[in-house]
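Peer 1: A structural model of the following input is requested.
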Amino acid sequence: MVIGVLIGRFIPIVPNALGKLEFYNVSIPTTILLWIMIYPMMLKIDFKSIKDIGKNPKGLFITWFVNWIIKPFTMYLIAGLFFFIIYKGFISKELASEYLAGAVLLGAAPCTAMVFVWSKLTKGDSAYTLVQVASNDLIILIAYIPIVSFLLKIGNINIPWETLFLSILLFIVVPLILSIITRGLIIKKQGENYLNNKFIPAFDKYTMVGLLLTLIIIFSFQGEKIIVQPINIILIAIPLILQTLFIFGITFVMAYYAKLPYSIAAPCGMIGASNFFELAVAVAISLFGLSSGATLATVVGVLVEVPVMLMLVKFSNSMEYKF
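Peer 2: Next up is the predicted model:
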């Protein structure tokens with residue numbers, strides 16, 4: 001964040017040059033960096049696990065219901081309440097619309113890769129978590145565009161449809177197909193053990209570099225705005241954190257009353273609470289640009305997610321005796 005802001009403030013030629021590297025409003029440098037993050041994440045998902053979808057379906061029904069029927073709409077309502085009403089005297093209506101758009105993009109994209117981390121930390125059933133993640137990734141292909149388009153239209157936020165479709169194609173469909181092909185080839189030649197313990201872990205350092213460079217680029221475009229209004233980072237973070245806590249709470253409670261075992265209930269709550277931030281950031285950049293409030297909102301979502309989710313992991317583990 002600091003490096004990005006300083007570059008934007010004192011070396012503006014860098015963001016100006018990067019801003020010109022676009023294809024149909026999609027930033028080429030950030031697309032490459034986001035692929036570095038998304039592709040290894042997709043590799044972890046075994047879509048053959050979908051065949052186990054009929055085993056103990058209650059956890060899946062809760063996950064799907066919260067992720068696609070509740071979460072996008074509560075995000076819209078909570079974000080709209082804060083950005084347009086509570087913060088009315090602090091931010092302009094135009095900026096409020098941009099922040100709302102970023103929040104919607106986050107709320108409509110349930111978590112994928114990081115769920116495996118949260119599941120492990122809460123002693124979750126790894127096989128069941130895999131089915132939950134795989135099924136949600138397939139639902140994203142169908143539901144993400146209609147939900148985002150509907151909510152943004154309600155908020156009077158116009159988006160170019162072709163750019164939205166291109167974003168989904170670039171950041172979900174392409175890496176998804178490549179990951180499926182790669183998994184098949186690696187497993188056939190080297191075995192699944194090699195894939196999970198050697199091939200996928202080899203991407204870890206590149207994934208971290210991709211994330212850090214993406215943040216630097218985004219904050220280099222946001223530098224001037226942040227220097228002028230640094231409090232906006234906190235203003236964005238508050239509704240995003242409240243949404244995370246709310247969604248986790250209702251999912252965890254539903255899982256408890258559905259009498260799910262803790263090993264399934266905890267990951268259920270984690271999937272609902274966290275977001276597929278790589279997708280949200282990518283789509284925000286494509287639709288609204290690197291310097292937009294929407295992109296800033298999705299990046300703030302990245303920054304607050306890890307500490308909030310670690311807090312929820314600790315809370316979940318403290319409640320294990322209740323199940």
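
Peer 1: report the contact partners of Leu156.
Peer 2: Careful, residue 156 is Asn and not Leu. Residues near Asn156 by CB atoms under 8 Å, 6 or more residues apart in numbering: Ser97. For glycine as for every other residue, the C-beta is placed from the backbone atoms N, C-alpha and C.

Peer 1: quick one, longest helix in the protein?
Peer 2: helix 126-154 (DSSP state H).

Peer 1: distance from the chain centre to that one, please.
Peer 2: 11 Å (CA atoms, centre = their mean, to the nearest Å).

Peer 1: now that helix: buried residues?
Peer 2: Residues of helix 126-154 classed as buried by neighbour count (16 or more other CB atoms under 10 Å): 128-137, 140, 143-145, 147-149, 151-152.

Peer 1: which residues touch stretch 17-31?
Peer 2: Contact with stretch 17-31 is made by 160, 162-163, 166-167, 170-171, 214, 217-218, 220-221, 282, 285-287, 289-291, as judged by CB under 8 Å, 6+ apart.

Peer 1: and the angle for the one helix or strand Gly80 maps to with helix 126-154?
Peer 2: Secondary structure assignment for Gly80, by DSSP states H and E: helix 71-80. If you take axes from the mean of the first three to the mean of the last three CA atoms, to 10 degrees, helix 71-80 sits at 50 degrees to helix 126-154.

Peer 1: quick check: buried residues in helix 71-80?
Peer 2: Quick answer for helix 71-80 (16+ other CB under 10 Å): 71-76, 78-80.

Peer 1: stretch 192-202 now?
Peer 2: For stretch 192-202, by 16+ other CB under 10 Å, it's 195, 199-200.

Peer 1: next one: stretch 228-241
Peer 2: 232-233, 235-237, 239-241.

Peer 1: what does it rub up against?
Peer 2: 78-79, 81-83, 87, 90-91, 95, 99, 102-103, 106, 225-226, 296-297, 300-301, 303-304, 308.

Peer 1: the same query, at a cut-off of 7 Å, please.
Peer 2: When contacts are defined by CB atoms under 7 Å, 6 or more residues apart in numbering, stretch 228-241 is touched by residues 78-79, 82, 87, 90-91, 99, 103, 226, 296-297, 300-301, 304, 308.

Peer 1: what does stretch 306-313 give?
Peer 2: Outside stretch 306-313, the residues touching it (CB under 7 Å, 6+ apart) are 118, 121-122, 241, 244, 248, 270, 273-274.
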